[in-house]
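In: Show me the folded form of this:
(2 chains)
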Protein chains: 2
Amino acid sequence: MKALIIGGCGFIGSHVLDKLHSEGVSVRVLDRRAEMFRPPLPNVEYVMGDLSDTAQIYEALSGVDAVIHLASTTVPSTSNLDPVGDINGNLIATVRLLEVMRSAGVRKMVYLSSGGTVYGVPQTDPMREDHPLNPISSYGIVKGAIENYLFMEHKLNGLQYVALRASNPYGPRQGHTGIQGLIGTHLWRLARKEQIEVWGDGSIVRDFIHVQDMADLCYRALVSDVTGVFNAGSGEGASVAEVVKKICDVVGGDVKPIYKDKRNFDVPRVVLDVTRAKEAFGWQKTIDLEQGIKDTWAWVQEQVK
Amino acid sequence: MKALIIGGCGFIGSHVLDKLHSEGVSVRVLDRRAEMFRPPLPNVEYVMGDLSDTAQIYEALSGVDAVIHLASTTVPSTSNLDPVGDINGNLIATVRLLEVMRSAGVRKMVYLSSGGTVYGVPQTDPMREDHPLNPISSYGIVKGAIENYLFMEHKLNGLQYVALRASNPYGPRQGHTGIQGLIGTHLWRLARKEQIEVWGDGSIVRDFIHVQDMADLCYRALVSDVTGVFNAGSGEGASVAEVVKKICDVVGGDVKPIYKDKRNFDVPRVVLDVTRAKEAFGWQKTIDLEQGIKDTWAWVQEQVK
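Out: Numbers count the residues shown, from 1 in each chain, chains lettered A, B, ... in the order given. Okay, here's the model as predicted:
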């Protein structure tokens, strides 16, 4: 099998790449830039380009059996600043990708959706995939609309797809720009002897999943015949305060966060029910939060050296 | 109160205009072209322009308390031919409209969504508003995404809105291009002594609502304080074969349809549960299908003369 990973040089993409390699899947990567923390890998075809360049996508699909689409031009915290840019860069680009895949005869896709934003304010805890979709960010609206186009392409034109509604992935190689990824952002700041910042009072609960568990799920979704939408998280909640506590334990010393105003698009608690993914793919998480923070801290310290 | 009707020269828009007039609401209309079947009305300000022209929208909103947004650049039967055009012309245009409304301080919108396409294949009969949304046309996906942006604008920026998920409106002033509106299309063809065409075997069931009942609901939604999503139909199903039978009775003579292949985006049965709209707005339909077909036939015959 040969897979095209769109966004394969990103945080999650680089781990999916490693996983596919280790399983013997041939990989081509399409991304706008090279990996931030590693040199290019041998045995990987890199195509540097943009998802909106239809001709290049067509070329990148040559000889490919499946696409893993992880690219996004936006993150939840900034998508509301420019919803039209979000729609253009993600929704329209993905609808065009589906059209090109159809004409190229590539009939399998694993798509990275968002469990943290498509549901909006939780009405159940944890949330199953059939929870109503009431997103309050453009990011979540666009992810949901893309899921709908995938479903339509499945029904009308036979695409097999798995949309993974990811919770909060974390782990080595997560960026440090501070706009996405609480654990990575905190650890990077601490490694640089900077104070960490928390939006709100620390009571917000999220479902953190180690990126290697996420990559394992992407691989299993790729090689399965299942079509549909699946939550992709740990199935367990941890508050921001609890995460800060665990970080303190790992990093050592007295970590004092600066508390800032809560953001109007942050929902209080998001924990995903991942029963469906476990059953469909024989998957389960293998790395708990303590171990994951240790791994990530070790990696961050390497980088700062 | 002064309302801007976007798409106010269209089929539904022209009836909403009449209703608002009769209720003493001042009206400005924004549309790309004039009404097809009537001269411009006195006491209405017409602005001829496009929803994608942000500067013009801003001007059109001056002095306005509320917007009734009925415009669409696509219809269900053609949206899948150009989903990117659908997203550009409707989703992006409406997201921009919401931004302009926010800066102009206009905090009320009635939006015409689509009960026939947002749900996809019915899992219940009739369908309530909490039925899962699994559209299989771009038209339905875009309508659902617009509903989500309305909800987000409500939650984050205080917009009051009513999204009306219309079933199949019919009645006088419906166009005759044959791409939308089964009853109007049939009656126009019969008035011109042409044969009528049916996609599939006539077993498809739809929920037909007279456009004047629809306009009444738009008005009630406009003047209410309620926010949310509401089905807007008759609550009753009629098969295409039944409609053809009723048309025969009204028109007289032997009507023989040409049966054509069914279309892959047509779902077998769509009937809306309209309990919520009845309760929220004290509304109910007043024109049954026989009477409505008679009205429409009388009007079509007038036009053909």
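In: Can you list the buried residues in stretch A:67-84?
Out: For stretch A:67-84, a neighbour-count test (16 or more other Cβ atoms under 10 Å in any protein chain shown) marks A:67-77, A:79-80, A:83 as buried. Bear in mind the C-beta positions are built from the backbone N, C-alpha and C, glycine included.
In: looking at the sheet around A:Arg269, what are its partners?
Out: A:Arg269 forms beta bridges with A:Val205, as assigned by DSSP bridges.
In: just checking, it touches A:Asp125?
Out: Yes - using Cβ atoms under 8 Å, A:Arg269 makes contact with A:Asp125 at a distance of 6.4 Å.
In: Common neighbours of the two, please.
Out: By the contact definition Cβ atoms under 8 Å, 6 or more residues apart in numbering or on different chains, A:Arg269 and A:Asp125 are jointly contacted by A:Gly237.
In: Compare neighbour counts for those two and give me the winner.
Out: Between A:Arg269 and A:Asp125, counted using other Cβ atoms under 10 Å in any protein chain shown, A:Arg269 has the larger neighbour count: 16 against 11.
In: ok, back up a step: lowest pLDDT pick from the buried residues of stretch A:67-84?
Out: Across the buried residues of stretch A:67-84, the smallest pLDDT goes to A:Ser77, namely 80.
In: so is that one in a helix, a strand, or just coil?
Out: With DSSP: H, G, I helix; E, B strand; the rest coil as the basis, A:Ser77 sits in helix.
In: In the stretch 151-300 of chain A, where is pLDDT below threshold?
Out: Applying pLDDT under 70 to the stretch 151-300 of chain A flags residues A:177-180, A:265.
In: Strands of that one, start to end?
Out: Along the stretch 151-300 of chain A, counting by DSSP state E, counting those that start in this stretch, strands occupy A:160-166, A:168-170, A:197-199, A:205-206, A:208-210, A:228-232, A:238-239, A:258-260.
In: what lines up beside the first one in the sheet?
Out: Same thing as strand A:160-166. With DSSP bridges as the test, strand A:160-166 pairs up with strand A:108-114 (parallel), strand A:228-232 (parallel).
In: ditto for the third one
Out: Looking at strand A:197-199 with DSSP bridges, its paired strands and their directions are strand A:258-260 (parallel).
In: Could you tell me how far the strand it pairs with lies from the centre of the chain?
Out: Here strand A:258-260 shows a centroid-to-chain-centroid distance of 26 Å under the convention Cα atoms, centre = their mean, to the nearest Å.
In: same deal with stretch A:120-139?
Out: That offset, for stretch A:120-139, works out to 17 Å (Cα atoms, centre = their mean).
In: got it, and stretch A:298-305?
Out: 22 Å.
In: that older thread, can you put the strands paired with strand A:160-166 in CSV and add mean neighbour count?
Out: What follows is these, written out as CSV (neighbours: other Cβ atoms under 10 Å in any protein chain shown):
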stretch, mean neighbour count
strand A:108-114, 25
strand A:228-232, 24
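In: so which of these gets nearest B:Gly292?
Out: strand A:228-232 (40.0 Å; Cβ to Cβ).
In: Show me the contact partners of that closest one.
Out: With contact meaning Cβ under 8 Å, 6+ apart, strand A:228-232 is reached by A:113, A:115, A:127-129, A:147, A:161-167, A:209, A:214, A:217, A:221, A:272-274, A:276-277, A:280-281.
In: redo that, cut-off 6 Å
Out: A:Gly115, A:Glu129, A:Glu147, A:Ala163, A:Leu164, A:Arg165, A:Ala166, A:Leu217, A:Leu272, A:Val274, A:Arg276, A:Ala277 (Cβ atoms under 6 Å, 6 or more residues apart in numbering or on different chains).
In: and what of stretch A:241-248?
Out: A:His186, A:Gly202, A:Val255, A:Pro257, A:Ile293.
In: same check, this time on stretch A:137-145
Out: Applying Cβ under 6 Å, 6+ apart, the external contacts of stretch A:137-145 come out as A:74, A:76, A:79-80, A:83, A:86, A:90-91, A:113-114, A:117-118, A:133, A:135, A:265, B:141, B:145, B:148.
In: Mind doing that once more with 7 Å?
Out: Identification of contacts with stretch A:137-145 by Cβ atoms under 7 Å, 6 or more residues apart in numbering or on different chains yields A:74-76, A:79-80, A:83, A:86-87, A:90-91, A:113-114, A:117-118, A:120, A:133, A:135, A:265, B:141, B:145, B:148-149, B:152.
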